[in-house]
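Q: predicted coordinates and the sequence they were generated for:
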Amino acid sequence: MMKVKRKLALGILLVLTKMLVAQQPGDTTLLSPQSLNERDIQTPQEGSGKAYQMVNGSSLPIEAFDSPFSTYIITKDEIRRNGYETLVDALKMVPGIQVSQPGSANEGETFLMRGLLGNGYAKILINDVPIKPVYLPTMPIGAQLPIREAERIEITFGTGSVLQGCDGAAGVINIITKDSDKPVFMQADLSAGGGGYNSVNVMFGGRLGKDKRIFKYFAYGSYTFMEGRNITQGHYLNNVPSTYTVDSSYYKSPNYLGGYDTPVISNIPHLSRKFGLNLTYKRFTFTAEAMYRRDHSSLGLNPAAFSYSNPQTFTGESILRMNLRIYKEKTKKGRVSNRQTNLSYIQYSMDSGSSILALYPQLADLLKKGAASAAFWNGNPDSISVYYNTAYDQYLTGARYYFGHSVEGRLEHIRNYRLFKKMTYTLGVNYRFANGRPRNILIPRTVVPSKNRLFGYTDGFIFDKTTYSFISQRYLFGEQNTFSQLFYNGKKIKLVGGTNLVYQFFSEDFSNVYEFFSPQLKLAGLWKIKENINLRASWGKTYTAANGFQTETSRYIQDFELFNTIDTLKAEKSKSWEIGGRWQSKNQKLSFDIAYFGFHNENLIRYGHQILSFGYPNGNFEAKYGYRNLPNSSMNITGLQASFSAKFTLLERFQTEQRLSFFTQDSKLKADGRILLKAYDLQMPEMRRIWQYSLDFKPNEKTSILLSTVRYFNPNIYQYLAVPPKYFISDLTIRYAFSSRFDGYLRIVNLFNKKYAG
């Protein structure tokens, strides 16, 4: 991953405007919102008519304090007071999570969740429904997700959910958006800061009608732009070309600007925008999100491989999702049961202007070796440069454009039965179908979308003869996930057992079919020693399936020609476990949580290259690059995670809240045989020990001062990056309430201007 020198980013976040409009005098809509805490997430009383709170999509009607999994909740009050705009902003102070901002072009902002890349190994949901398009290997993160608009964000570590199918090995993150109980409300946030940063967030909502005929509406939109990030050569030589290669071919490229080891790095802009709508009437809830994210295409890549000099080369992508939820609840013999159906539609599109400028990537190095082999076979060693230039012109010369488009539909039906007073049984099934073309970056011409893009068929886009041969194959995808879960919610003992059967298939142009079938399982239990003390344990097994992007971007090279790969990728198999405990004082002002965890992953899918044959004199040069399963591979992670929080009053006047978290882990990678070489990859420095400390100090009712500090120790050893043994970063936020409807705040990122790995 890219490591960035973050100077003092003076976020003069100017105005937080809250306008609450009452329908009549005496309405309670002018009351300030109260902080949501863990006690608010609880089982509704029998006959209350309220829907169960879904904790991370697992249908567990339970308080977070009594969850048998490690669960962390970020409340709307925390989001507001800290000025969070992106998901990674909010995750920065969560125990067991390490973040990188900006991260990379493909993932945007990135985070590690107990040592695993959360963009790829965590299941990210909005209102209990997955958001990641099926042909993306990882979820891109910017300010396009509804974070400012969230009621809360629920984080569960480990393989805690079987309801959503595969791809949740690290955990589940569920973003719950606001639901208005006020007649009318409106809120606007205006922010500006260093680096050309500016942001506008607007949301409004309300309710109409009375009794059972109540119509609720909530809408939001935002625009966030950063003109440039302060990315330099890097304190650990991560942006120095010679760190990764000794071949000087990159220096000869017309796309390269700068000295031999000092590339020109232009402004690295970022753009995010979103629009969302939530409509509820009786049993029906309709939600829609339109999201767009744009980052510089070279972020996170080797500066000798791709150019950083042109700020107009970007990776832009949009996601449109719509979901209709039908919910019904009934009471029979004093027991409440419910069922719900979700109908979802997701459309993913690459911005037609997305492009990248190649210098000397890994593909060029392999083509040069192939050209040398072909020249020797043809008896003319002096023609190496001719063969190589021909191959380079065909695959890498000039701007190379991105293309990717897919549509998918999802049908889910869940039933929750109250078998006994303390036992709930969940049964359900969901289906997904998708059609489209995964992203491809070898296109010499831009692919222009036409007006008709229904279902993503080829004739929905404008192709020409020079681009069509480079376009990725069209895939048909299908998935069926059948799941069940039994939950015993006793006074002292709480038990959860769940299982699912997942069937997936990929069909390449409706000919070659790749199938995948997996049974998954989770078991968890909690023992309440006292009302404020409990012990927990959990175990789970899940799979991370390969997708069309990983298959399509893998290539086979013979001499200096490029071919599609014919290999199929097998799914990764993951197991995780943890034991832990919680304590909370009776007045809820002190709390402590600790967990010892383990993770085992087999059949790893990794990106790199492999040379099969070196060519002359024994045969043709043959190589593969892209995604492969590492032979006989596995990864083991064990660690300890603990956090302590305290709320108290100083001098009977000053309110103070503190939280201290500690995280340590040990990772081991095993890969027998010939694995993929990674000499050209940038890697996110994985820190083995993390301390997190936050202080929320309120000198009076109108002022709050928040100081957040993260300290990292003992990084893993990397071949190319000289990561320091320890470093820390601190952020400061000062907020002042001018009135009940008008707040202003100042935020300083990296308060002490420290050098750190981002």
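A: Done, it's in. Residues are numbered from 1 along each chain as shown.
Q: just the strands in the stretch 351-500 of the chain please.
A: Secondary structure of the stretch 351-500 of the chain, counting by DSSP state E, counting those that start in this stretch: strands at 355-357, 399-420, 423-443, 448-449, 461-462, 475-489, 493-508.
Q: who does the fourth one pair up with?
A: It refers to strand 448-449. Using DSSP bridges, strand 448-449 pairs in its sheet with strand 461-462 (antiparallel).
Q: same question, the second one
A: Here strand 399-420 is paired, per DSSP bridges, with strand 335-350 (antiparallel), strand 355-357 (antiparallel), strand 423-443 (antiparallel).
Q: just put those in CSV and tack on distance to residue 465, mean pLDDT and mean neighbour count.
A: In this view, the C-beta of every residue, glycine as well, is placed from N, C-alpha and C. Shown next, in CSV, are those (distance: least, CB to CB, whole Å; pLDDT from 0 to 100; neighbours: other CB atoms under 10 Å):
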stretch, distance to residue 465, mean pLDDT, mean neighbour count
strand 335-350, 21, 91, 19
strand 355-357, 20, 94, 22
strand 423-443, 13, 90, 20
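Q: and of those, who's closest to residue 181?
A: strand 335-350 (20.4 Å; CB to CB).
Q: and the strands of the stretch 351-500 of the chain: which comes nearest residue 73?
A: Short answer: strand 493-508, nearest of those by CB to CB, at 17.7 Å.
Q: helices and strands around that closest one, which ones?
A: Under the contact definition 3 or more CB pairs under 8 Å, 6 or more residues apart in numbering; DSSP states H and E, strand 493-508 sits against strand 475-489, strand 512-530, helix 548-552.
Q: tally up the residues packed near residue 617, please.
A: 8 (other CB atoms under 10 Å).
Q: same question, residue 557
A: As a burial measure, residue 557 scores 24 neighbours (other CB under 10 Å).
Q: state the distance from the residue lying closest to it once chain neighbours are set aside to residue 563.
A: Nearest in space to residue 557, with sequence neighbours left out and distances taken as CB to CB, 6 or more residues apart in numbering, is residue 623 at 4.5 Å. Counting by CB to CB, to the nearest Å, the gap from residue 623 to residue 563 is 11 Å.
Q: what do you get for residue 192?
A: The value you get for residue 192 to residue 563, if CB to CB is used, is 51 Å.
Q: I'd say residue 411 and residue 479 touch.
A: No. When contacts are counted by CB atoms under 8 Å, residue 411 is not listed as touching residue 479 (10.9 Å).
Q: overlap in contacts, residue 623 and residue 563.
A: Shared contacts of residue 623 and residue 563 (CB atoms under 8 Å, 6 or more residues apart in numbering): 556-557.
Q: neighbours around the closest residue to residue 344 other than its chain neighbours, how many?
A: Spatial nearest neighbour of residue 344, excluding adjacent residues (CB to CB, 6+ apart): residue 410 at 3.9 Å. Each residue near residue 410 was counted by other CB under 10 Å, and the total is 20.
Q: quick one: low-confidence parts of the stretch 201-350 of the chain?
A: Low-confidence segments of the stretch 201-350 of the chain (pLDDT under 70): 232-237, 245-246.
Q: where exactly do the strands run in it?
A: Counting by DSSP E, counting those that start in this stretch, the strands of the stretch 201-350 of the chain are 213-226, 270-281, 284-296, 314-332, 335-350.
Q: what comes up buried for the first one?
A: What it means is strand 213-226. The neighbour-count check on strand 213-226 (16 or more other CB atoms under 10 Å) flags 216-218, 220-226 as buried.
Q: tell me the one among these nearest to residue 536.
A: The closest of the buried residues of strand 213-226 to residue 536 turns out to be residue 218 (CB to CB; 34.7 Å).
Q: residue 700 versus the closest one, what's the distance?
A: Residue 218 sits at a distance of 32 Å from residue 700 (criterion: CB to CB).
Q: same thing with residue 393?
A: According to CB to CB, residue 393 and residue 700 sit 68 Å apart.
Q: again, but for residue 71
A: Residue 71 is 33 Å from residue 700, by CB to CB.
Q: who touches the closest residue to residue 381 other than its chain neighbours in this structure?
A: Nearest in space to residue 381, with sequence neighbours left out and distances taken as CB to CB, 6+ apart, is residue 375 at 5.4 Å. Listed by CB under 8 Å, 6+ apart, the contact set of residue 375 reads 381-384, 387.
Q: buried subset of these, written for ChimeraX?
A: Selecting the buried subset of those in ChimeraX, with 16+ other CB under 10 Å as the burial test, is done by:
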select :383,384,387
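Q: tell me which of the contacts of residue 375 has the lowest pLDDT.
A: Confidence by pLDDT is poorest for residue 381 among those, given 77.
Q: quickly list what residue 595 is bridged to.
A: According to DSSP bridges, beta-bridge pairing links residue 595 with residue 580, residue 641.
Q: per-residue pLDDT, it?
A: 96.
Q: what about it, distance to residue 73?
A: Separation of residue 595 from residue 73 (CB to CB) stands at 16 Å.
Q: hmm, back to that, what residues are up against the residue nearest to residue 344?
A: Taking CB under 8 Å, 6+ apart as the test, what residue 410 contacts is 129-130, 342-346, 430-432.
Q: now with 10 Å, please.
A: Contact analysis of residue 410 by CB atoms under 10 Å, 6 or more residues apart in numbering lists 129-130, 134, 321, 323, 342-346, 430-434, 479.
Q: just residue 291 next, same as before
A: Taking CB under 10 Å, 6+ apart, we find residue 291 in contact with 126, 131, 140, 142-146, 222, 272-276, 317-321.
Q: of those, grab the buried ones for ChimeraX.
A: The ChimeraX command for the buried members of those (criterion: 16+ other CB under 10 Å) is given here:
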select :126,131,140,142,143,144,145,146,222,272,273,274,275,276,317,318,319,320,321
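Q: can you count the residues close to residue 244?
A: Residues within reach of residue 244, counting by other CB under 10 Å, total 22.
Q: same check on the one 5 residues further on?
A: Counted with other CB under 10 Å, residues neighbouring residue 249 total 16.
Q: that one and residue 392 touch, don't they?
A: Yes. If you go by CB atoms under 10 Å, residue 249 and residue 392 touch, sitting 9.3 Å apart.
Q: mutual contacts of those two, please.
A: Common neighbours of residue 249 and residue 392, counting by CB under 10 Å, 6+ apart, are 360, 364, 368.
Q: could you pull out the helices for this structure?
A: Using DSSP state H, the helices of the chain run over 76-82, 87-91, 118-121, 362-377, 384-395, 465-468, 548-552.
Q: spatially central residue in the protein, please.
A: residue 119 (3.3 Å; CA atoms, centre = their mean).
Q: okay, that residue: pLDDT?
A: Per-residue pLDDT puts residue 119 at 92.
Q: ok, the residue of the chain positioned farthest from its centre to residue 620 distance?
A: No residue in the chain has its C-alpha farther from the mean C-alpha position than residue 379, which lies at 51.8 Å (CA atoms, centre = their mean). Going from residue 379 to residue 620 by CB to CB gives 15 Å.
Q: hmm, back to that, distance-wise, check the residue nearest to residue 381 relative to residue 341.
A: Distance from residue 375 to residue 341, by CB to CB: 63 Å.
Q: sorry, back to before: more neighbours, residue 411 and residue 479?
A: Neighbour totals were compared for residue 411 and residue 479, and residue 479 leads with 20 against 13 (other CB under 10 Å).
Q: I figured that one hits residue 433, correct?
A: Yes. Under the criterion of CB under 10 Å, residue 479 makes contact with residue 433 at 7.8 Å.
Q: shared neighbours of these two, anything?
A: What both residue 479 and residue 433 touch, as defined by CB under 10 Å, 6+ apart, is the set 134, 408, 410.
Q: quick one on the thing from earlier: residue 623 and residue 563: who's more crowded?
A: Remark: of residue 623 and residue 563, residue 623 carries more neighbours, 23 against 9, as counted by other CB under 10 Å.
Q: now do the same contact list for that one.
A: Residue 623 is in contact with 362-363, 365-367, 369-370, 555-559, 609-615, counting by CB under 10 Å, 6+ apart.
Q: roughly how far apart are it and residue 348?
A: Remark: distance between residue 623 and residue 348 (CB to CB) = 31 Å.
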